[in-house]
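K.L.:
Next one to model:
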Amino acid sequence: MKKLLAGVLALALAVVVFTGCGSQKAELALVTDGGDVTDQGFNQGAWEGLVKYAEEMSISKLSYKPVEKTTDAYMDAIDLAVKGGAMVVVTVGYEMEEEVAAAQAQYPEVTFILLDGDPFEGTEASADAQNAVGIVFAEEQAGFLAGYAAVKEGMTQLGFMGGKAQPGVVRYGYGFLQGAEYAAQQLQLEAGTVSVRYTYTGSSDASNEVQSLAASWYGEGTECIFVCGGDMLSSVITAAENVGAKVIGSDVDCSSRSEVVLTSAAKNLSTAVYNMIEASYDEQLQGGKTTLYDAANNGVQLSMETSKFNAFTQKDYDAVYAALANNTGNIATNILKDVDGEGNPIAVTDIPLSLVTLQQVG
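P.N.:
Presented below is the predicted three-dimensional model:
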């Protein structure tokens, strides 16, 4: 009964966010991570890529919002999408890896695209499955660009606030530290000139607690906080606005949220989704594989066109981006991620920092 009720509620929500088709059935479907397709974040970026392809090709489209972040709710939303006629289902978030692994076997005639996750790693899904693919991003490179730009801009008191310490968030943070270190080396700063307060709040939700923590950091001299955690960005923005400090967003261009947003470490979500849907319809999809989007294929970037830098220039950005894209001097290879080559976790204290001082909070 509980699962049936969840399905009914999910369908009702799908109708609410459904646009443009005039029917509850659709050939293209997006299953969100529990958020809305108007969240100015991950879900919206994915939805925009799907909508672009659907409108260009005159294909019906529909989005489904799970009623909660549970296996049953995710599977209910996927089932509803397939029963609604979806031939391609885009799902959002690594938390749906197991569900997509199960769905690709249950519905072999449907193509499943998992955004920001690998449906084959740590699951029983076979890499021989031809109807499912994963898309992951080099968050460590996006974070690297953010840390590099902040120090090049002249900021020396920085902060990183992640939500849950999940892989993508951790990679953002590790990259941020290493980018700040790289910029400090180029500028030949003295050891300890740059410091980074670093924490995970445990939740991506907006809250008074996050706002208070950000306010305390700003009050103690932090000039800019890099935020990786969905809705918690709103709380940090409020704290920054109160004192005229800066914020760096993540995942998508967050410049429209406030004038205090310096830039955003963004993933090219819409293009990645569009490309995979196009490959599916062109029968060029490489099922059973997960594709990495990084600087080499323009998968991550800073939002430079809407940025509010004074000292960090487009020329500066183009130079460091080209180095990452071309792996000049192994710059990209040398950026530490959340795990090593054998899958062993890397602690933040394992990151080699000689000029940047790390201040772990909490």
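K.L.:
For the rest of this, base every contact and every neighbour count on C-alpha atoms.
P.N.:
Fine.
K.L.:
any low-confidence regions in this structure?
P.N.:
Scanning the chain for pLDDT under 70 picks out the ranges 1-23, 121-128.
K.L.:
could you redo the last one with a cut-off of 50?
P.N.:
1-23 (pLDDT under 50).
K.L.:
what about the strands in it?
P.N.:
For the chain, the strands defined by DSSP state E occupy 28-31, 61-64, 88-92, 111-115, 132-137, 157-162, 194-200, 224-228, 246-251, 261-267, 290-293, 300-302, 356-360.
K.L.:
can you list contacts of the fourth one?
P.N.:
Taking CA atoms under 8 Å, 6 or more residues apart in numbering as the criterion, the residues outside strand 111-115 that touch it are 46, 87-94, 96-97, 100, 103-104, 131-136, 273, 276, 280.
K.L.:
I'd like to know which of these are buried.
P.N.:
The neighbour-count criterion (16 or more other CA atoms under 10 Å) marks 46, 87-94, 96-97, 100, 103-104, 131-136, 273, 276, 280 among the contacts of strand 111-115 as buried.
K.L.:
need the longest helix for the protein.
P.N.:
The single longest helix within the chain, with elements called by DSSP state H, is helix 167-186.
K.L.:
which residues touch residue 315?
P.N.:
By CA under 8 Å, 6+ apart, no residues touch residue 315.
K.L.:
where's it relative to residue 218, distance?
P.N.:
Residue 315 is 30 Å from residue 218, where distance means CA to CA, to the nearest Å.
K.L.:
cool, and residue 242?
P.N.:
Per CA to CA, residue 242 is found 10 Å from residue 218.
K.L.:
now swap in residue 276 and tell me
P.N.:
Counting by CA to CA, the gap from residue 276 to residue 218 is 42 Å.
K.L.:
and if you look at residue 154?
P.N.:
Per CA to CA, residue 154 is found 16 Å from residue 218.
K.L.:
more crowded one of those two?
P.N.:
Each of residue 154 and residue 218 has its neighbours counted (other CA atoms under 10 Å); residue 218 has more, 24 against 15.
K.L.:
Measure how buried residue 165 is and give me the count.
P.N.:
When neighbours are counted by other CA under 10 Å, residue 165 registers 17.
K.L.:
Which residue, other than its chain neighbours, is closest to residue 310?
P.N.:
The spatial neighbour of residue 310 that comes closest, neighbours along the chain excluded (CA to CA, 6 or more residues apart in numbering), is residue 153 at 6.8 Å.
K.L.:
I'd like the distance between that neighbour and residue 224.
P.N.:
11 Å.
K.L.:
Same question for residue 65.
P.N.:
Residue 65 sits 33 Å away from residue 224, going by CA to CA.
K.L.:
For these two, indicate the residue with more neighbours.
P.N.:
residue 65 (29 against 25).
K.L.:
Beta-bridge partners for the most centrally placed residue in the chain, please?
P.N.:
Taking CA atoms, centre = their mean, the centroid of the chain lies closest to residue 251, which sits 4.0 Å from it. Counting by DSSP bridges, residue 251 is bridged to residue 266.
K.L.:
so it sits right up against residue 270, yeah?
P.N.:
No. Counting by CA atoms under 8 Å, residue 251 stays clear of residue 270, with 11.1 Å between them.
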